[in-house]
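Engineer: Generate a structure from the sequence data that follows.
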Amino acid sequence: MKAKLHISPLFFGITGFYILADGTIYIVYIILSALLHEAAHIWMIKRSGEGVKSIDMKPFGVNIILKEDHILSYKREILISLAGPLVNLAVATIFLLINKFIYYSEAGMFISLINFALAGVNMLPIYQLDGGRIIKNLLLMKLEPSTADKICFLISIACLTPILYIGGILLYKTGHNFSLLIIGFYLLICLVIKSN
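Structural biologist: Have a look, this model is predicted:
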């Protein structure tokens, strides 16, 4: 049985807003890079012999639901979490090398930068992101689940605080750059919902 794909209407709304607000093709490069990131997670899940029940595309990420009878080991969870950022690093490096040694293009440089950024942001130790999932699974190897959850929550809050602060400063200084603030609040809301 194939995985079901659910796409949130909010995904289309926010993507459409960014396309209209930006007026360039760069949002397409961002979406393609993010989809490649998620495809790497799915590939690693399948490579681990696991089944995917559904894929839920949301405005700021994708939720991959495994089939009910599949339980992953902590090591497999870590490998799956690493797959997305590693693919982004590979794409970023390839485009950087092409731009440096073969042919320079602004679009190629943007693709390189956005993939480095996606890898970096996703490796932040915030629980909803890949880095947070890695930290949690590493902690679960040594600690009780409730203790690991508390530590992950505290690490996530410690990382989200400067993101929200910098996002607020960016909005104040530019008067219009609110992306970091929205992402920070989205991650904070997801974290609070998950902890409850």
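Engineer: And what about the closest residue in space to residue 7 that isn't next to it in sequence, helix, strand or coil?
Structural biologist: Residue nearest to residue 7 in three dimensions, not counting chain neighbours: residue 57, with 4.5 Å by C-beta to C-beta, 6 or more residues apart in numbering. Just so you know, the C-beta spots here come from the backbone N, C-alpha and C atoms, and that holds for glycine as well. With DSSP: H, G, I helix; E, B strand; the rest coil as the basis, residue 57 sits in strand.
Engineer: and residue 57, how many neighbours?
Structural biologist: 17 (other C-beta atoms under 10 Å).
Engineer: Return, as residue ranges, the portions of this structure with sub-threshold pLDDT.
Structural biologist: 1, 69-70 (pLDDT under 70).
Engineer: which stretches of it form helices?
Structural biologist: For the chain, applying DSSP state H gives helices covering 9-22, 26-47, 74-97, 106-122, 130-140, 145-174, 179-195.
Engineer: before we move on, the earlier item: beta partners for the residue nearest to residue 7?
Structural biologist: Bridge pairing for residue 57 (DSSP bridges) gives the partners residue 7, residue 62.
Engineer: Touching, it and residue 8? I think so.
Structural biologist: Yes. With contacts counted by C-beta atoms under 8 Å, residue 57 reaches residue 8, the gap being 6.2 Å.
Engineer: Look up how far residue 106 lies from residue 26.
Structural biologist: Going from residue 26 to residue 106 by C-beta to C-beta, to the nearest Å gives 10 Å.
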